[in-house]
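Visitor: Compute the structure for the input listed below.
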Amino acid sequence: MKKTALITGASSGIGKELAQIHAETGGDLIIIARSEGKLKELKTELEKKHGIVVHVIKKDLTAAGAPREIYDEVKAAGLSVDYLINNAGFGGVGLFHERDIETDLSMINLNVVALTALTHYFLQDFVPRNSGKILNVSSTASLMAGPMQAVYFATKAFVTSFSNAVAEELSDTNITVTNLMPGATETDFGKTSGMDKTDLFKDTASARSVARDGYNAMLAGDLDVMSGLTFPQKIMMKMIPVTPKKVLLSQIKKMQQTKGG
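Guide: Numbering: from 1, shown residues only. Below is the predicted model of the structure:
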């Protein structure tokens, strides 16, 4: 049976690849981002190539009330969502006290508030019918504190904790919540956050491979999935629990300092 996926941040990067992958299964889409032009281009491409229906919603999810507006628009259009994919998010490098506080508050609104609200609203439909899958895009950053990206790492820690908790609350239902934790990925995120100038982004995974791992894990109902890690990064992840916190924080800070900075 054809499934409809709602994807935030679908105009580029992992979100766009997730839309492509879902379209390849023959499923319909509701794609959301601020870039209406890019969304319409994607809609035209996917509908022509796969014979599906793609609904476009232009929305700035950093704005208060945007998640509710999306939910109301979906309901008003008579659409039923089977897969909720909360992918939209952004980061930024710099000392917390020197960064623009309004930018960081917008980051919290997008990475945390919008994701939480959309999950809440669509669970109002999932729970009564006892079906539905949620994929929340977190980060390997969620497993540690992140000097030079204090707010970003903290928002992703929320996503991982929140996703796991809600998954357990729903463990006696047919609804699943999957937490995707990518490493450094080749997307616009690196450029917009400034991370492309750091050692952490020397070896990046393709957005397609990360999206595929996340999509497959969502279908399987997995709790967590890591993707896009190099061998040294996999070793680092395993060492986090046994590494003294001050040593770990110092290592992360060095990795996130921009080259020449």
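
Visitor: Which stretches in the stretch 151-261 of the chain count as helices?
Guide: Counting by DSSP state H, counting those that start in this stretch, the segments of the stretch 151-261 of the chain that form helices are 188-193, 207-220, 231-239, 245-256.

Visitor: And the longest one, what does it pack against?
Guide: Contacts defined by 3 or more C-beta pairs under 8 Å, 6 or more residues apart in numbering; DSSP states H and E place helix 207-220 against helix 13-24, strand 132-137, strand 175-182, strand 185-186, strand 224-227. Any C-beta I mention is one placed from the backbone N, CA and C, and that applies to glycine too.

Visitor: weakest of the ones you listed in terms of mean pLDDT?
Guide: Ranked by mean pLDDT, the helices and strands packed on helix 207-220 bottom out at strand 185-186, which scores a mean of 63.

Visitor: Tell me the spacing between the residue lying closest to Gly89 once chain neighbours are set aside and Gly26.
Guide: Once flanking residues are discounted, Gly89 sits nearest to Asn111: 4.6 Å by C-beta to C-beta, 6 or more residues apart in numbering. When distance is defined by C-beta to C-beta, to the nearest Å, Asn111 is 31 Å away from Gly26.

Visitor: These two: which is more packed in?
Guide: Asn111 (27 against 11; other C-beta atoms under 10 Å).

Visitor: a helix runs through that one, doesn't it?
Guide: Yes. With DSSP: H, G, I helix; E, B strand; the rest coil as the criterion, Asn111 is assigned to a helix.

Visitor: Can you tell me how far it is from Gly146?
Guide: The spacing between Asn111 and Gly146, counted by C-beta to C-beta, is 13 Å.

Visitor: hey, what's in contact with both of the two?
Guide: Jointly contacting Asn111 and Gly146 under the rule C-beta atoms under 8 Å, 6 or more residues apart in numbering are Tyr152.

Visitor: Pipe the helices of the stretch 151-261 of the chain into TSV and attach mean pLDDT per row.
Guide: Conversion of the helices of the stretch 151-261 of the chain to TSV gives the following (pLDDT from 0 to 100):
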stretch	mean pLDDT
helix 188-193	55
helix 207-220	97
helix 231-239	81
helix 245-256	88
